[in-house]
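> have a look at this prediction, sequence included:
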Amino acid sequence: MTPHIEAKRGDIAPTVLMAGDPLRAKVLAETYLEDVVQYNGVRAMYGYTGTYKGSRISVQGHGMGMPSMGIYSYELYNFYDVENIIRIGSAGAIDDELHIGDLVIAMGACTNSNYENQYNLPGKFAPIADFDLLKIATEEADKVGINYKVGNIYSSDTFYDDAQSLKSWQKMGVLAVEMEGAALYMNASRANKRALTICTISDCPFTGEETTAEERQNKFTQMMDVALGVVEQISF
């Protein structure tokens, strides 16, 4: 057991889907998985293991922000032999062509965080996704028929960003803002594991479009279909 996950070795599958909201993780497990067992309830950050079309898979909440994602993904990679983590989250649209319900598949993650300072690197690190996971995700998104874009996201340490600062990221071609992807990608790189972030657009800061907490918890099903399609492909 770790300080934040009460599972025993072997309770967690090699591939984990992670959601910021633990209730989204619960909905995913109860809706899509068979033979579900809850392995974690510490701090109400629920974790479950079950099967999807014969593939063993786990689902875990990770909370909000880079420090929280950093803790949970580190423990999964380094103490529970997890090989693949796919974050399924929500994001705010920065790109003008993205709207509520569209997907962003994060090839890279810019950030204003100092998370990388722990590695004592002689420069700036560019956190990127695993290419194989990303490639499969785009293929699965094409099958689902959902509108999506692939590119850079902005992992911010602040939720209430000044809209003008987001305009600066927009000028650099960044697609959307969220709060966890960069930490996940850095932890994966350090552990020599694989990671991918897939986000559904939940709000558009420049237009005022937004969804409710209930909609974010229960209705972002196409993102889950894409992520589960990836799991199905890499499990065989």
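Arrived safely. Numbering: from 1, shown residues only.
> ok, Ile86 touching Ala227?
Yes: between Ile86 and Ala227 there is a contact under CB atoms under 8 Å: 5.0 Å. For the C-beta atoms, the positions are set from N, CA and C on the backbone; glycine is no exception.
> what's near enough to touch the most centrally placed residue in the chain?
Using CA atoms, centre = their mean, the residue of the chain that lies closest to the mean C-alpha position is Arg87, 1.7 Å off. Arg87 makes contacts with 17-19, 62, 69, 180-181, 184, 195-199, as judged by CB atoms under 8 Å, 6 or more residues apart in numbering.
> which strand or helix spans it?
Taking DSSP states H and E as the criterion, Arg87 maps to strand 84-93.
> tell me the mean pLDDT for that strand?
Here strand 84-93 scores 96 as its mean pLDDT.
> figure out how far it is from the centre of its chain.
3 Å (CA atoms, centre = their mean, to the nearest Å).
> quickly run through the sheet partners of that strand, with directions.
Here strand 84-93 is paired, per DSSP bridges, with strand 15-19 (parallel), strand 176-178 (antiparallel), strand 194-204 (parallel).
> need the next SSE after that strand, C-terminal direction.
In the C-terminal direction from strand 84-93 (assignment by DSSP H and E), the next one is strand 103-111.
> so how far is that next one from its chain's centroid?
Chain-centre distance of strand 103-111: 10 Å, with CA atoms, centre = their mean.
> now for it, which elements pack on it?
Packing contacts for strand 103-111, counted by 3 or more CB pairs under 8 Å, 6 or more residues apart in numbering; DSSP states H and E, involve helix 131-144, strand 148-155, helix 181-191, strand 194-204, helix 221-234.
> looking at the ones you listed, which is nearest to Ala91?
strand 194-204 (3.7 Å; CB to CB).
> send me the closest one as PDB with only the CA atoms.
This file holds the C-alpha atoms of strand 194-204, laid out as PDB (Å, rounded to 0.1, in the frame of the first residue of the first chain):
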ATOM      1  CA  ARG A 194       3.500   5.400 -21.500                       C
ATOM      2  CA  ALA A 195       0.800   8.100 -21.100                       C
ATOM      3  CA  LEU A 196      -1.800   9.900 -23.100                       C
ATOM      4  CA  THR A 197      -4.300  12.700 -22.300                       C
ATOM      5  CA  ILE A 198      -7.700  12.900 -24.000                       C
ATOM      6  CA  CYS A 199      -9.900  15.800 -23.000                       C
ATOM      7  CA  THR A 200     -13.500  16.700 -23.800                       C
ATOM      8  CA  ILE A 201     -14.100  20.500 -24.200                       C
ATOM      9  CA  SER A 202     -16.300  21.500 -21.300                       C
ATOM     10  CA  ASP A 203     -16.200  25.200 -21.600                       C
ATOM     11  CA  CYS A 204     -15.000  28.000 -23.900                       C
END
